[in-house]
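# Sequence and predicted structure are below.
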Amino acid sequence: MSESSNQPPQSKASKLRQLYRDHAPVVSPGVYDGYSAMMVQAMGFKSAATTGAGLSNSVLGVPDIGLFSLRDNIDACRRIASSVSIPIMADADTGYGNAVTVYHVVQYFEEAGVVGINIEDQLMPKRCGHMRGKELVEPREMVKKIEAAIKAKKDPDFIINARTDAIAVEGIEGTVARIREYVAAGADMIYADAFRDEDDIRRVIDAARGVPVNVNMGFGIRSRPTSPSISMARLKELGVTRVSLPRMLPAAALMGMQKALEVMRECIETGKLVDRPDLLVGMETITGLMGYEQLSQLENDLLPDEELERKYQSASRDYVVKKGV
């Protein structure tokens, strides 16, 4: 037996760290359910991240102001992470309490199957990054949370992404001062939200002193009052490691639903049949994404002939597998 065969399999967190080293900037679209996570994977993206706002909005129908509980978050992350093979980062808000709470929170998220979490330095109840009225904890409190998170993780490659919202509250000088403390505390990644221009990014990267930097982008979302859009090529030149897109998929999904419902309303009002396949994916896309063909193959392999005959009447095994019935 070769020596390499005795090595433990590489963890998803380790794979993501390797991806950051080899292919920066790595784009992580924000996902909030099985559909969005599986579509990200199917489209060839190598990683994704849960969007705290997307989960709060889609699951509870409320603003992202800390109402989505720890248990809600853990349960959602576990379902999302188990639905795909790519590594998933998660949004842990403020860590749901003090440093002792954070210690347990990290273990919950790690057990849920995600490869890292964002922890932000806002006061609870927190506010979504684009909202006004954000308030921050003292830097020392955030430092203790980072130290607790580092102490709690079992996989050394599990990523503690220290987010600061200080640009909107204390300006870039206060942000730089906080980042230096967060790096010294052992943060694996730095995430300064709501940067205003390229100079902010440069200052953040300089302050991080070699620790990977996460930049949050709106990707063309209209009326976004915070960060400007910057090309991936330029972000690479600046030295950005990770680009998160938390609002892209929820906004795209809402646009698609709005357009489809407008057409349906037109059908109701005019009494006419309007066929708009351009607004919808086909059933083959849904069944392909959800693995219907693999399900049919399992039935074909595992069920007795008489059960297949009863379920699908005269359908042959080849038909069952080919058609995904």
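That came in fine, so what should we check first? Numbers count the residues shown, from 1 in each chain.
# so where's this protein shaky on pLDDT?
1-5, 129-130, 219-226, 314-325 (pLDDT under 70).
# Going along the chain, name the helices of it.
Shown for the chain, the helices assigned by DSSP state H span residues 12-23, 34-42, 52-55, 70-83, 99-111, 139-152, 166-184, 198-208, 232-238, 248-270, 283-290, 292-302, 305-312, 317-323.
# Deepest-packed of the ones you listed, please.
Neighbour counts averaged per stretch over the helices of the chain are highest for helix 52-55, at a mean of 24; criterion: mean count of other C-beta atoms under 10 Å. Heads up, the C-betas are built off the backbone N, CA and C, glycines and all.
# which residues touch that helix?
Helix 52-55 is contacted from outside by 30-32, 36, 64, 68, 72-73, 76, 91, 93, 128, 246-247, 249-250, using C-beta atoms under 8 Å, 6 or more residues apart in numbering.
# just stretch 30-44 next, same as before
Counting by C-beta under 8 Å, 6+ apart, 29, 48-51, 54-55, 57-59, 76, 79-80, 83-86, 88, 244-250, 253, 288-290 sit against stretch 30-44.
# could you dump the helices of the chain to JSON lines with distance to Asn118?
Below are those laid out as JSON lines (distance: least, C-beta to C-beta, whole Å):
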{"stretch": "helix 12-23", "distance to Asn118": "14"}
{"stretch": "helix 34-42", "distance to Asn118": "17"}
{"stretch": "helix 52-55", "distance to Asn118": "8"}
{"stretch": "helix 70-83", "distance to Asn118": "11"}
{"stretch": "helix 99-111", "distance to Asn118": "10"}
{"stretch": "helix 139-152", "distance to Asn118": "11"}
{"stretch": "helix 166-184", "distance to Asn118": "12"}
{"stretch": "helix 198-208", "distance to Asn118": "15"}
{"stretch": "helix 232-238", "distance to Asn118": "18"}
{"stretch": "helix 248-270", "distance to Asn118": "17"}
{"stretch": "helix 283-290", "distance to Asn118": "27"}
{"stretch": "helix 292-302", "distance to Asn118": "33"}
{"stretch": "helix 305-312", "distance to Asn118": "46"}
{"stretch": "helix 317-323", "distance to Asn118": "43"}
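# Please name the residues that touch Met232.
Per C-beta under 8 Å, 6+ apart, neighbours of Met232: Pro25, Val27, Val243.
# Would you mind giving me the ChimeraX syntax to select the buried ones in those residues?
Buried members of those, defined by 16 or more other C-beta atoms under 10 Å, are picked up in ChimeraX with:
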select :25,27,243
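# Of the contacts of Met232, which is the nearest to Thr164?
Nearest to Thr164 among these: Val243, at 17.2 Å, using C-beta to C-beta.
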